[in-house]
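Trainee: When you get a sec, could you give me coordinates for this:
(one chain, ligands or ions: 1)
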Amino acid sequence: QLKQSAVSRINSQDADIEQLRVKLLGKKGELTALLKGMKDVAAENRKAVGEIGNDVRQTITELLAEKKAAEAEAALSKQLEAEKIDVTMPGTKALIGQPHVLQQIIDEIEQHFLGLGFQVIDDTVDSPEVETDEYNFERENLPKDHPARDMQDTFYITPEILLRTQTSPVQSRSLEKHDFSKGPLKMIAPGKVYRRDTDDATHSHQFHQVEGMVVGENITMADLKGTLLSVMQELFGEKHQIRMRPSYFPFTEPSVEVDVSWDEVTPDTKPEDIKWIEVLGAGMTHPNVLRMDGVDPEKYSGFAFGLGPDRLAMLKYGVDDIRQFYLNDVRFLSQFNRKG
Ligand code: FA5
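Mentor: Alright, predicted model coming up:
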């Protein structure tokens, strides 16, 4: 009787197998209660009753196990169904990263100068952004009371330590280490610089410069012009011209500012039709700078320049606001994919 009721309860749709097991076979279960009654059974019947008891236990145990296995299998197939992957569905396109547009133009400039035999100064080692007043200004021929210090409004950290306002301190850092018995110094130093400029379409308080310097025997203004023309033609095309205008920097004499022609210039172009855009400062290295860095100005001469890659990128790609470069808007940045 117990066996029948147990079988039907186990097979019923919403049976909770674990609960049933306790109820039937547990310490206080129905079968256990039945077997506990054995002591009241007549001795000659005990064996038969015991056998029936065992039979009932076995049947119930097997049935419970079967039911449990079936439930587990059903759960597994339900899970598999839910996790099924439709390999024919269109995938989500992975976003592929790329160097920032400013890094791209700096890379282009680096490649060009590597081709001309320049070394590229590692900006994590020999070109610190947190500089001393000495390297940023004094060694660049700008003593403490020099009026030209006002040309670059400076973020000071302490009276002696500042965020560099230009990459020019790398001139001194390179010169003082250079061994001239091995040939001239030819280096470029790309990096970040900082000024307390008010941000607008063409000014950013943090921007980039690529410093360049050549110091050796018989280096002349013609070398400077040829070098700058070559990099401008690399960036803007073979037919673009450059022009030098007199300017002033304390660390160069003479100093120039360089314009590049906005359009291509052919032999037929009238000079008055050329539109010029200023891109950098440069000049012949001041003897004081050489002297302070332990280089004999009687023996060696040189030139230096400071390019502004932010402005160059604006020109090259027609970007009308420098702040775009620093907003990190992927929609803007992904336009400049150098692989096309
Ligand atoms: C200098 O910083 C000099 N150290 C350049 C130099 C080097 C001259 C070696 C001679 C020899 P200037 O302050 O003009 O010069 O800056 C150089 C270039 O940096 C500018 O032509 C411009 O392209 C860029 N620049 C200057 N200020 C900003 C700014 N706030 N935001 C973006 N670009 C700037």
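Trainee: Smallest gap between this protein and the ligand, at which residue?
Mentor: residue 308 (2.1 Å; CB to the nearest ligand atom). To be clear about C-beta, it is placed using only N, CA and C from the backbone, and glycine gets the same treatment.
Trainee: Pull the distance from the helix or strand harbouring residue 71 to the chain's centre.
Mentor: Using DSSP states H and E, residue 71 maps to helix 43-82. With CA atoms, centre = their mean, to the nearest Å as the basis, helix 43-82 stands 62 Å off its chain's centre.
Trainee: Could I get the buried residue list for that helix?
Mentor: By 16 or more other CB atoms under 10 Å, the buried positions in helix 43-82 come out as 53, 56-57, 60, 63-64, 67.
Trainee: Next, the contact list for the residue of the chain closest to the ligand, please.
Mentor: Residue 308 makes contacts with 207-209, 279-280, as judged by CB atoms under 8 Å, 6 or more residues apart in numbering.
Trainee: Same list, those residues, but as CSV with distance to the ligand, pLDDT and secondary structure please.
Mentor: Formatted as CSV, these follow (distance: CB to the nearest ligand atom, whole Å; pLDDT from 0 to 100; DSSP: H, G, I helix; E, B strand; the rest coil):
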residue, distance to the ligand, pLDDT, secondary structure
207, 4, 96, strand
208, 8, 97, strand
209, 5, 97, strand
279, 6, 89, strand
280, 5, 95, strand
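Trainee: C-terminal to the helix holding residue 71, what's the next element?
Mentor: Scanning onward from helix 43-82 (DSSP H and E), the first element met is helix 101-115.
Trainee: which SS state does residue 193 fall under?
Mentor: Assigned with DSSP: H, G, I helix; E, B strand; the rest coil, residue 193 falls in the strand class.
Trainee: Please verify my assumption that it contacts residue 167.
Mentor: Yes - using CB atoms under 8 Å, residue 193 is in contact with residue 167, at 6.1 Å.
Trainee: neighbour count winner among the two?
Mentor: With other CB atoms under 10 Å as the criterion, residue 193 and residue 167 differ in neighbour count, and residue 167 comes out ahead with 28 against 24.
Trainee: Next up, phi/psi of the more buried one, please.
Mentor: Backbone geometry at residue 167, expressed as degrees, to the nearest 10, gives phi -90, psi 0.
Trainee: next one: the one 5 residues further on
Mentor: Residue 172 adopts backbone torsions of phi -70, psi -40, taken as degrees, to the nearest 10.
Trainee: how about it, what does it touch?
Mentor: 135, 139-140, 289, 292-293.
Trainee: What of residue 241?
Mentor: With contacts defined as CB under 8 Å, 6+ apart, residue 241 is in contact with 229, 260-261, 265, 274.
Trainee: now residue 134
Mentor: residue 160.
Trainee: list residues touching both of residue 193 and residue 167?
Mentor: With CB under 8 Å, 6+ apart as the test, residue 193 and residue 167 both reach residue 209.
Trainee: Does residue 317 touch residue 336 like I think?
Mentor: Yes - between residue 317 and residue 336 there is a contact under CB under 8 Å: 6.4 Å.
Trainee: Which one's more surrounded, those two?
Mentor: Between residue 317 and residue 336, counted using other CB under 10 Å, residue 336 has the larger neighbour count: 19 against 13.
Trainee: So for the more buried one, what's the pLDDT?
Mentor: Looking at residue 336, its pLDDT reads 88.
Trainee: in what helix or strand does it lie?
Mentor: Going by DSSP H and E, residue 336 is not in any helix or strand.
Trainee: from what I can see residue 215 touches residue 187, true?
Mentor: No - shown here, residue 215 and residue 187 do not form a contact pair, counting by CB under 8 Å, at 9.2 Å.
Trainee: And the pLDDT for residue 122?
Mentor: 85.
Trainee: Just give the number of residues close to it.
Mentor: Neighbour count for residue 122, taken as other CB under 10 Å: 10.
Trainee: you'd agree it is in a strand?
Mentor: No - using three-state DSSP, the secondary structure at residue 122 is coil, not a strand.
Trainee: Residues of the stretch 101-250 of the chain that sit close to the ligand?
Mentor: Taking CB under 6 Å from any ligand atom as the contact definition, the stretch 101-250 of the chain meets the ligand at 166, 168, 195, 197, 203-204, 207, 209, 249.
Trainee: who's in contact with stretch 219-234?
Mentor: 108-109, 112-113, 116, 184, 212, 214, 240-242, 244, 254, 256, 258, 260, 279-280, 282-284, 300-303, 305, 307.
Trainee: Show me what counts as buried in it.
Mentor: Neighbour-count burial for stretch 219-234 [16+ other CB under 10 Å]: 219, 223-225, 227-228, 231-234.
Trainee: which ones are touching the closest residue to residue 264 other than its chain neighbours?
Mentor: In space, residue 264 comes closest to residue 239 once its chain neighbours are excluded; the distance is 3.6 Å by CB to CB, 6 or more residues apart in numbering. Applying CB under 8 Å, 6+ apart to residue 239 gives the contacts 264-266.
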